[in-house]
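J.: got a predicted structure plus its sequence, pasted below:
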Amino acid sequence: MEFQFQFDWQAAIDSIPFLLKGIPYTLLISFGGLAIGFVLGIIFGLLSINKAWFLRWPATAYIEVFRGTPILVQVLFIFYGLPDLVGSPIDPLTAGIAAIALNSGAYISEVVRGGVQSIDRGQSEAGLSLGLSRSQTFWSIVWPQAFRRMIPPLGNQAIVSIKDTSLFSVIGVGELVRQGQVYIANTFTAFEVYFVVAILYLCITLSLSFLLRLLEKRGVAAT
């Protein structure tokens, strides 16, 4: 038997308007979760290098748990497991944002820790010698330098989080992959639709990479 396959460009083009409906959900989940994750990352990243063990150990436990388990398991636990605990269902969108926030927060914590520890101790000593308090020295001298070094890994984490949203179709979030699944169920054009889904993800991540490079260049120029 001779097998022939011909890419249906018209089917791919026809799917675009339907697939575009998933982009707002993809961006909302990823950037909403990242915004919360950035705050968590700063808090737990700084706690993980705190000298007080009762602050350092819980932060380290959070980081290791969420870095050491798959995000798919995390979102399934949040969506299906937590309702049994709290006695109330959790919206799929809320579960997706929470999963991205907790997962990215763990990775960003390590970025923050590495960025802060990469700054020479002499910078802190210089600030203290000028009469600044420890908190003023940190936020005025250490943090700005550390943050510029964090930009590339933070950008990588943002891209990873955007791609991770594709897993949330399992809980019914209407993001890109879920929209593709619904469209394929009605048209049976899986190859063409998933090709378009991949292109849309690529457009989002390439646009973000471009913006991050501009931000990184501005940061380097500022120094």
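T.: Received it, and whenever you're ready, just let me know what you need.

J.: distance check, Ile43 against Pro153.
T.: For Ile43, the distance to Pro153 (Cβ to Cβ, to the nearest Å) stands at 18 Å. In short, each C-beta sits where N, CA and C put it, glycine included.

J.: same question for Ile16.
T.: Relative to Pro153, Ile16 is positioned 33 Å away (criterion: Cβ to Cβ).

J.: please apply the same query to Ile36.
T.: For Ile36, the distance to Pro153 - Cβ to Cβ - is 18 Å.

J.: hang on, the earlier thing: Ile16 and Pro153: who's more crowded?
T.: Neighbours per residue (other Cβ atoms under 10 Å) separate Ile16 from Pro153, with Pro153 holding more: 16 against 12.

J.: for that one, what are its contacts?
T.: Contacts for Pro153 (Cβ atoms under 8 Å, 6 or more residues apart in numbering) come out as 111, 114.

J.: spatially central residue in the chain, please.
T.: Relative to the mean C-alpha position of the chain, the nearest C-alpha, by Cα atoms, centre = their mean, is the one of Ser161, at 3.1 Å.

J.: so which strand or helix has that one?
T.: helix 143-164 (DSSP states H and E).

J.: neighbours of Val193, how many?
T.: When neighbours are defined as other Cβ under 10 Å, Val193 has 24 of them.

J.: that one: helix or strand, and which one exactly?
T.: Val193 belongs to helix 190-222, assigned by DSSP H and E.

J.: could you give the angle of that helix to helix 143-164?
T.: Helix 190-222 and helix 143-164 are oriented at 180 degrees to each other (axes from the mean of the first three to the mean of the last three Cα atoms, to 10 degrees).

J.: pLDDT of helix 190-222, averaged?
T.: Mean pLDDT, helix 190-222: 87.

J.: check which helices and strands that helix sits against.
T.: Judged by 3 or more Cβ pairs under 8 Å, 6 or more residues apart in numbering; DSSP states H and E, the packing partners of helix 190-222 are helix 9-20, helix 23-47, helix 143-164, helix 176-187.

J.: now the residue lying closest to Phe168 once chain neighbours are set aside, what's its secondary structure?
T.: Closest residue in space to Phe168, ignoring its immediate chain neighbours: Gly96 at 4.5 Å, by Cβ to Cβ, 6 or more residues apart in numbering. Secondary structure, DSSP: H, G, I helix; E, B strand; the rest coil: Gly96 is helix.

J.: numbering from 746 from now on, please.
T.: OK, 746 is where the count begins now, so the last one is Gly841.
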